[in-house]
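**Student:** predicted model and sequence below, questions to follow.
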Amino acid sequence: MRYEHRLALLLGRVLDLLRRTPDAVDDHKAALRSLVALTAEHSVTIRQQDETLTIEGAAIPPDTPFVATLSGQLRGHRVGALHVACDASALDLITFLRALALPPIEAGDAQALEARLQEARIVTISVLDADRVRGAHAEGGRRVTDALKQSGVLTEEGAAAERPDSTVRSSDRPEHYDAVLPRRDEAQGVVAGTSERLKRRPQGLELMGDLHTIARKISDALKGSRIQEAMEGVAAVMRHADHAEDGETQRACAIALQRIATPEALQRFAGLIIDEIYAVDVVNLMKRAGPRGTQVLLDKLVEAPTFAERKAYLSALRSVEAGVDIIISMFGHHEWYVLRNVADLVGELRVEEAIPALGRIAEHDDPRVRRSVGVALARIGTPATVPFLRTVMRDPDPEIRLAVAQAVGGRGLGALAMPVVAAVESEEDPGIQCEYYRALGRIGTADAVQILQKVVQPGGVLFGRRAAGPRLAAIEGLGASNNPAARPVLEALAADRGKDVREAARSALGQLRRVEASGA
């Protein structure tokens with residue numbers, strides 16, 4: 001993960017913690033340590049203009065975790081630019097972020113935030129309101145840092161100014177952090193030492209010696225259970241390798257990383273893969289570790305106790321070489337719960353390459369496996385799944401048929417429309433029939449809507465009149481179809497003699513209009 005993206009993620013994460021769990025000091029500490037270590041590298045300018053967030057001129061993808069939180073708070077407080085000096089302490093950062101995390105109506109705009117910083121005598125962090133940033137930009141695209149200096153918000157000597165111990169007034173100091181936040185030099189740990197050594201761009205024997213020292217520090221951090229600190233050090237080495245222009249440096253870093261990535265170390269680093277901050281770097285390390293990294297991810301996937309963890313490990317496996325083949329090979333495992341877990345995951349991530357393997361265990365002896373296989377096939381929903389879904393939709397266990405019906409749906413899964421129709425015709429359970437009608441609506445193709453149009457008709461006056469349950473389910477399906485052909489049918493049903501039908505049709509019309517208005 002790039003430095004700028006990581007910094008945005010860390011800032012957003014601390015803001016998110018402060019907003020959701022303001023008293024969770026231990027969580028704040030852990031996030032702050034990573035943030036302090038990152039800002040130790042150099043000063044940064046963060047800019048928020050319209051919907052775009054940039055750090056040192058690099059645009060941050062809006063789908064980066066926690067970036068929406070950071071951007072939202074900056075916009076809410078009308079902060080156009082934020083400058084963080086490289087000697088900003090943990091206490092400076094938490095004081096500012098606590099103010100930024102407040103609702104704008106309570107904390108005020110950018111000028112109010114700047115006044116808070118001045119009152120607390122914090123000179124390492126400066127803010128500029130959005131109007132002044134736009135004005136500076138209009139004058140000729142000057143750097144935001146220059147605009148901050150010219151406006152008097154940031155002075156040349158401010159970042160280096162000595163401050164007494166009473167830098168923050170006692171009324172503003174979050175006392176419960178005093179005893180738990182590390183000093184600047186303590187917080188940097190392996191990361192600071194790694195960054196400083198590699199910034200000098202050492203070569204030859206000097207580079208090998210520095211990398212040996214770094215590897216030893218990372219090992220010591222792991223032995224001391226400072227896993228996050230160790231991972232930051234590993235990430236710094238990987239970044240150095242990625243940015244190196246000569247093959248000698250790249251080879252030296254690769255050798256150092258191979259020495260660091262022992263089986264035991266990889267096992268411990270893999271546990272960070274469910275953390276958004278470290279996930280990208282952990283996967284990068286596993287890729288560099290080759291078959292050893294792949295095996296670690298596989299072991300973790302089998303052992304993972306929660307679905308969230310299994311999903312994280314499966315996603316990582318998909319990105320490594322031969323990862324998908326390894327995942328598919330797990331369908332030959334002898335334990336039923338492994339088959340169920342892998343089926344759940346390939347369905348969640350829609351791994352199309354797994355369809356033949358899913359088909360081979362579609363008639364497994366254990367109903368829990370069959371259920372997961374059927375749901376996975378329904379979620380993937382390509383034409384290749386149809387032959388196997390026909391088998392699952394005839395399963396003797398009604399709970400399995402119901403689960404599959406509930407999983408079917410979504411635009412682009414038109415291949416499932418005809419198998420669902422066939423399943424309805426052979427299904428004897430009214431509840432499952434109704435769920436299939438709702439599934440046809442979620443599929444939303446012309447064929448699916450045409451079938452639902454027939455089902456919603458009342459039938460004969462005395463004979464052949466349809467039960468209310470299937471009609472109501474079909475009406476729900478039309479409302480979820482996002483298909484214009486459903487509108488006239490629902491409008492006609494909104495005047496039906498039956499109260500239940502009228503209310504269902506009006507509700508479905510409202511849903512259809514909302515979907516159309518949203519452009520989804």
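**Tutor:** Structure's in. What do you need?
**Student:** tell me which residues of stretch 268-281 come out buried.
**Tutor:** 269, 270, 272, 273, 274, 275, 277, 278, 279, 280, 281 (16 or more other CB atoms under 10 Å). For glycine as for every other residue, the C-beta is placed from the backbone atoms N, C-alpha and C.
**Student:** can you get me the start-to-end distance on that stretch?
**Tutor:** One end of stretch 268-281 sits 14 Å from the other (CA to CA, to the nearest Å).
**Student:** residue ranges with poor pLDDT in the stretch 301-450 of the chain?
**Tutor:** Low-confidence segments of the stretch 301-450 of the chain (pLDDT under 70): 321-322, 410-412.
**Student:** helices along that one, start to end?
**Tutor:** 307-319, 323-329, 336-348, 355-360, 367-380, 386-392, 398-407, 417-426, 430-443, 446-455 (DSSP state H, counting those that start in this stretch).
**Student:** skip the chain neighbours and tell me the closest residue to residue 18.
**Tutor:** Excluding its sequence neighbours, the residue lying closest to residue 18 (CB to CB, 6 or more residues apart in numbering) is residue 101, at 3.9 Å.
**Student:** actually residue 74, sorry about that
**Tutor:** residue 48 (4.1 Å).
**Student:** what mean pLDDT would you report for the helix or strand that contains the one you found?
**Tutor:** Residue 48 is part of strand 44-49, with elements assigned from DSSP states H and E. If you average the pLDDT over strand 44-49, you get 86.
**Student:** quick one: distance of that strand to the chain centre.
**Tutor:** Centroid separation for strand 44-49 versus its chain: 22 Å, with CA atoms, centre = their mean, to the nearest Å.
**Student:** likewise stretch 416-433?
**Tutor:** Using CA atoms, centre = their mean, the offset of stretch 416-433 from its chain centre is 36 Å.
**Student:** so for the residue sitting nearest the centre point of the chain, what's the nearest residue that isn't a sequence neighbour?
**Tutor:** Nearest to the mean C-alpha position of the chain, by CA atoms, centre = their mean, lies residue 65 at 5.3 Å. Closest residue to residue 65 apart from its sequence neighbours, by CB to CB, 6+ apart: residue 276 at 4.0 Å.
**Student:** burial measure for the residue nearest to residue 18, as a count.
**Tutor:** 18 (other CB atoms under 10 Å).
**Student:** hang on, the earlier thing: residue 23: which of the helices of the stretch 301-450 of the chain is closest?
**Tutor:** helix 307-319 (24.4 Å; CB to CB).
**Student:** sorry, back to before: any idea how far the residue nearest to residue 65 is from residue 98?
**Tutor:** Using CB to CB, to the nearest Å, we find residue 276 at a distance of 22 Å from residue 98.
**Student:** with residue 347 instead?
**Tutor:** 42 Å.
**Student:** who's more crowded, these two?
**Tutor:** residue 347 (22 against 19).
**Student:** can you give me the buried ones in stretch 342-362?
**Tutor:** By neighbour count with 16+ other CB under 10 Å, stretch 342-362 contains the buried residues 342-349, 351, 354-355, 357-359, 361-362.
**Student:** for residue 440, which non-adjacent residue is spatially closest?
**Tutor:** residue 448 (4.2 Å).
**Student:** okay, now the one you found: neighbour count?
**Tutor:** 28.
**Student:** contact partners for it?
**Tutor:** 414, 417, 420, 440, 441, 477, 481 (CB atoms under 8 Å, 6 or more residues apart in numbering).
**Student:** switch to 10 Å and redo it
**Tutor:** 409, 413-414, 416-418, 420-421, 437, 439-442, 477-478, 481, 483, 486 (CB atoms under 10 Å, 6 or more residues apart in numbering).
**Student:** and for residue 498?
**Tutor:** Residue 498 is in contact with 458, 468, 471, 472, 504, 505, counting by CB under 10 Å, 6+ apart.
**Student:** distance check, it against residue 456.
**Tutor:** 11 Å.
**Student:** what is in contact with these two at once?
**Tutor:** Overlap of the contact sets of residue 498 and residue 456 (by CB under 10 Å, 6+ apart) consists of 471, 472, 504, 505.
**Student:** what helix or strand does the second one sit in?
**Tutor:** Here residue 472 sits within helix 468-480, counting by DSSP H and E.
**Student:** list the buried residues in stretch 407-425.
**Tutor:** Going by 16+ other CB under 10 Å, stretch 407-425 has these buried residues: 407, 408, 409, 413, 414, 415, 416, 417, 419, 420, 423, 424.
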